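**Q** Sharing a model that was predicted from the sequence below.
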Amino acid sequence: MTFDRLYQTLQDIDQAPWRDALQPILKHALDPNTHGDINRWNEALTLLPNTAPSQTNLDQNSITFGQKSDLSEQQWQDLKQQLMAFHPWRKGPLNVFGHEINTEWHSDWKWARAAPHIHCQDKTILDVGCGNGYYCFRMAGQGAKLALGIDPTLVFNMQYSAVKRYAPDAPAYVIPLGIEQLPEAVTGFDMVFSMGVFYHRKSPIEHLMELRQRLSPGGELVLETLIVDGPEHHCLVPKDRYAQMRNVWFLPSIKTLEAWMARCKYRDIKVIDVATTTIEEQRTTEWMHFQSLKDFLDEEDPSKTIEGYPAPKRVVIIAKAPA
Ligand SMILES: C[S@@+](CC[C@H](N)C(=O)[O-])C[C@H]1O[C@@H](n2cnc3c(N)ncnc32)[C@H](O)[C@@H]1O
């Protein structure tokens, strides 16, 4: 994987300072010593068909990269195994030359809840904790000037690389960095997304601040996170695991979250969606064969997690950085 295309795009959109800040950091990001599976993934990348897709469609629920007839029968049969090298596929769905990657998450459902309230056209967008870049592709499909995703989990970066080669011109990019590793100079985005990340952060206020720092004055934050029912000042901090996840820290009520955002000087804070996560939206599939939400809910009472906490419910909030 090289980042040359990203650097060129940054140059093209007059963001050479972002390019200059990222280049030295990304130089060693995918060094084989940083992860035991890098060589295996790189080899799997080289096996993927070197075929230009006859069509790509980024602006549909199952993002499409090519169709079956673009490949020979043998290539098509081999492709499934090659894509499986990047298991677990969590965010999607994606369709690669007719292979429907039925991912753990119906990320298209989350997108459908947020999209009517979001305008990506000509925007520069940062997607913090972007996974394999599913939403970055959707943003590019809706006309974003740049959708830059950051995610430190390398297998998701590899999934992105596996499909990005079939949409090389899309201004959707994923780089293997956590928010804390992103150089300070990479700032001034029109929009910043943080979806499914806030509750993993030990310090929610610092997360709100670090997101604000990446926005241009008046820029828009799209925050999606787990919440619990309750009044202002109410917040669940799990004793240990939440739905079997070890790294869940703060699940505020909506009023509490709004108050925290206001404290961090966000304005025009709008709740655009509240949804309970269902076992149809997050589930074990052929492409993600580990346990999933159903296994993490109380068998007798699915309104609770197996630890006895309220089952996952999520909010999407849009707010603006100070002008
Ligand atoms: C629950 S997933 C959410 C993925 C996607 N945004 C969504 O809403 O479907 C959380 C993601 O945050 C990533 N992540 C973990 N630590 C991070 C950090 N320090 N900075 C940015 N992303 C991080 C994880 O690798 C994971 O892909």
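**A** Perfect, I can see it now.

**Q** And Cys235, its phi and psi?
**A** Here is the backbone geometry of Cys235 (degrees, to the nearest 10): phi -160, psi 130.

**Q** from what I can see it touches Lys255, true?
**A** No. Counting by C-beta atoms under 8 Å, Cys235 does not reach Lys255; the two are 10.2 Å apart. Yep, even glycine has a C-beta here, placed from its N, CA and C like the rest.

**Q** Could you check how many residues crowd around the closest residue to Lys304 other than its chain neighbours?
**A** Nearest non-adjacent residue to Lys304, counting by C-beta to C-beta, 6 or more residues apart in numbering: Asp298, 4.3 Å away. Neighbourhood size, Asp298 [other C-beta atoms under 10 Å]: 14.

**Q** just Gly98 next, same as before
**A** 16.

**Q** pLDDT score for it?
**A** As predicted, Gly98 sits at a pLDDT of 98.

**Q** State the distance from the residue nearest to it when sequence neighbours are not counted to Trp76.
**A** With C-beta to C-beta, 6+ apart as the criterion, Gly98 has its nearest non-adjacent residue at 3.1 Å, and that residue is Lys68. According to C-beta to C-beta, to the nearest Å, Lys68 and Trp76 sit 6 Å apart.

**Q** Please apply the same query to Leu6.
**A** When Leu6 is compared with Trp76 (using C-beta to C-beta), they lie 30 Å apart.

**Q** who's more crowded, these two?
**A** Leu6 (21 against 16).

**Q** The residue lying closest to Thr153 once chain neighbours are set aside sits in which helix or strand?
**A** Leaving aside its sequence neighbours, Thr153 sits nearest to Gly131 (C-beta to C-beta, 6+ apart; 7.7 Å). Element membership for Gly131 (DSSP states H and E) is empty, with no helix or strand holding it.

**Q** Would you agree Gly131 is in contact with Met158?
**A** No. Contact status for Gly131 versus Met158: not in contact, 11.6 Å apart, counting by C-beta under 8 Å.

**Q** Report how many residues lie close to Ala170.
**A** Ala170 has 23 nearby residues by other C-beta under 10 Å.

**Q** Am I right that it is in a strand?
**A** No. Secondary structure of Ala170 (DSSP: H, G, I helix; E, B strand; the rest coil): coil, not part of a strand.
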